[in-house]
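K.L.:
I would like the atomic coordinates for the input below:
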Amino acid sequence: MRINLIPLLLVCAAAAGAAMPGFAQASYDAALAQKLKADDYGMRKYVMAFLKRGPTRAKDAEESKKIQAGHMANIGRMAKEGKLVVAGPFLDNGELRGIYIFNVETIAEAEELTKTDPAIQAGTLVMELHPWYGSAAMQEINAIHEKISKKNP
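P.N.:
Residues are numbered from 1 along each chain as shown. Below is the predicted model of the structure:
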């Protein structure tokens, strides 16, 4: 399952716009806010991970392919479990490889999840974790993404 970064930007823009004068306020849904554990601003705590190029390189193309397949399967598993709300690569092939936004409240919880990633285990990626405050609505991205994605990696 590939998770697109564009919905993240749209959700953040919508959350910011809702609080700005001149923008229409959608009707408040108390049940949904409670389900998503939103605060009074419609926000909640997450942990953001910056995936960086690790110190280890795969020995060959076959090993690299195997690590990447495991990495993608792990992303799909965490998304299905509701522990990962956004994931995606950067497209410039730099040292910063991608991001995750974990649906957890502590760095310790996110660290446990990162340990399940085959790319982390192999040392081809390392993660830098930070507490992050964002729209509680981001938890709905994966369900929406499944409805608009024709292909899954």
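K.L.:
need the helices for this protein, in chain order.
P.N.:
6-18, 30-35, 61-80, 107-114, 118-122, 141-148 (DSSP state H).
K.L.:
Which residues does the fourth one contact?
P.N.:
Pointing back at helix 107-114 there. Contacts with helix 107-114, where a contact means C-beta atoms under 8 Å, 6 or more residues apart in numbering, come from Val47, Ala49, Met78, Lys83, Leu84, Phe102, Val104, Ile120, Met127, Leu129, His130, Pro131. (C-beta placed from N, C-alpha, C; glycine too.)
K.L.:
tell me the two of those residues that are most distant?
P.N.:
Across these, no pair lies farther apart than Ile120 and Pro131, at 19.4 Å, counting by C-beta to C-beta.
K.L.:
Give me the helix or strand of this structure that scores worst on average pLDDT.
P.N.:
Using mean pLDDT, DSSP states H and E, the weakest-scoring helix or strand in the chain turns out to be helix 6-18, at a mean of 48.
K.L.:
still on that earlier bit, how about the helices of the chain, which one is nearest Asp92?
P.N.:
helix 6-18 (16.6 Å).
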